[in-house]
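Can you look at this prediction? I've put the sequence above it.
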Amino acid sequence: MTTAFTGISKKLPSVHYFIVAALLVLIFFPLTWPIRLPIEFWIKQVLINLMWAGLFYANYFIFTPRLLYNHRTGIFVILVIATLFATVFLNHWLDSFLGVPEAMEKIFGPKMHKSAEKQDHSATYITIIMAMVIYGVSTVIALSKKMQHDQLAFQATEKDKINSELSFLKSQINPHFFFNTLHTIYALTDSNTNAAKDAIYTLSHMMRYVIYDTKNDLTSLENEVKFVEDYIKLMKLRLSGEVQVIFEKQANMKNYEVAPMLLLPFIENAFKHGISSLHPSYVYIDIRQLNNTVKIEIKNSTFEAREHLEESNGIGLINTKRRLDLLYPGKHTLAVDNNTSTKEYTVMLTLDFS
């Protein structure tokens, strides 16, 4: 958020440069007239335009922020009316104090002076209109600045909220998997020492990935797929010969950066609900690329009605869908099909990296 506010602060001086440029144009515009104006006129010209600049910045920095920002509209309107009277009074007072009408009379003659006197009300209207324009422009710029700051603050808050939610979702991996794997390894230590050692190494490799790689927002697709392979390898230790596990992946895939722990919930869900100790069962996993997309297909056998996606003890499919919405808005598709006739549950996930 600080960086964003700094970006806006860098843009603000351009507004001030514009105001200074406009002030200089107003002051020196009479130089384009084909007449030589008296010094009294130029003194008033400088003072009156400094008054406009003072009114602009008083409203920009004080009146609008302290009154309109705090919904004190009534006081703001009263202040505007009071300053309108003040500008009209100051305009006439400068004429009288500096002797502008008399100086103009010496150059242009009494006829010009009388003409100017008849236009006193017109000068008042012009002063009021000018003051209203100054108020309008400064108010719009001040309110625009506040809207930009509010928008940046909202975006920063939303970003912090999303990051917190992602961190929470990312950290949730089913602890039962680790407990069950440790029990399996413990049982292997008596029957198959080499398999137990290999399982310990695989589990430690997975733990290293969970502890270190998931600290970052992104990891490589290669690391994510390797984590999935390790998970499948450990799950096979607990499966009987009646269970068929098929894992296919395309060779030489482009190593995109992906969110860590993104695929595991779907695979974990397949093993949890697709494996039976009483019936032949299977889990099928396929990962491949097509152009700039990565497609993940997961199928598993089913043995009972499943009306809800959220049935695992880990991150869960519903939370995973939420994470996908946060990380890949408009850049992913997720199709889930529970075919009761074929007793097959299918998840199709496509990630677009274009």
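Received it, and whenever you're ready, just let me know what you need. Numbering: from 1, shown residues only.

Helices of this structure, start to end?
Listed from the start of the chain, the chain has helices (DSSP state H) covering 2-28, 39-58, 73-98, 100-108, 110-118, 120-170, 175-191, 193-212, 221-236, 264-274, 317-327.

I'd like to know which elements the last one is packed against.
Counting contacts by 3 or more Cβ pairs under 8 Å, 6 or more residues apart in numbering; DSSP states H and E, the secondary-structure elements packed against helix 317-327 are helix 120-170, helix 264-274, strand 332-339. All C-beta atoms are positioned from the backbone trio N, CA, C, and that covers glycine.

pLDDT averaged over that helix - what is it?
Within the predicted structure, the mean pLDDT of helix 317-327 is 80.

Equivalent analysis for the first one, please.
When the per-residue pLDDT values of helix 2-28 are averaged, the result is 58.

Could you shift the numbering so residue one becomes 38, and keep it that way?
Noted, 38 is the first residue going forward, which turns the last one into helix 39-65.

low-scoring stretches of the stretch 138-287 of the chain, by residue?
Regions of the stretch 138-287 of the chain meeting the criterion pLDDT under 70 cover residues 145-157, 197-214.

can we see that at 80?
The model of the stretch 138-287 of the chain has pLDDT under 80 over residues 138, 140-160, 190, 192-218, 247-254, 275, 277-278.

re the thing from before, I'd like the helices of the chain as CSV, with mean neighbour count appended.
Written out in CSV, the entries for the helices of the chain read as follows (neighbours: other Cβ atoms under 10 Å):
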stretch, mean neighbour count
helix 39-65, 12
helix 76-95, 16
helix 110-135, 14
helix 137-145, 16
helix 147-155, 12
helix 157-207, 14
helix 212-228, 14
helix 230-249, 14
helix 258-273, 18
helix 301-311, 22
helix 354-364, 18
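
tell me, how many neighbours does the closest residue in space to residue 260 that isn't next to it in sequence end up with?
Closest residue to residue 260 apart from its sequence neighbours, by Cβ to Cβ, 6 or more residues apart in numbering: residue 250 at 6.1 Å. The number of residues packed near residue 250 is 16, by other Cβ atoms under 10 Å.

now swap in the one 3 residues further on and tell me
By other Cβ under 10 Å, 10 other residues sit near residue 253.

starting at the chain centroid, how far to stretch 165-181?
For stretch 165-181, the distance from its own C-alpha centre to the chain's C-alpha centre is 31 Å (Cα atoms, centre = their mean, to the nearest Å).

List the contacts of residue 266.
By Cβ atoms under 8 Å, 6 or more residues apart in numbering, the residues touching residue 266 are residue 284.

Pull up the gap between it and residue 272, please.
In this structure, residue 266 and residue 272 are 11 Å apart, going by Cβ to Cβ, to the nearest Å.

Please apply the same query to residue 379.
Going from residue 379 to residue 272 by Cβ to Cβ gives 23 Å.

so where is the stretch 288-391 of the chain shaky, pLDDT-wise?
Under the criterion of pLDDT under 80, the regions of the stretch 288-391 of the chain flagged as low confidence span 314, 341-357.

That'll do, ta.
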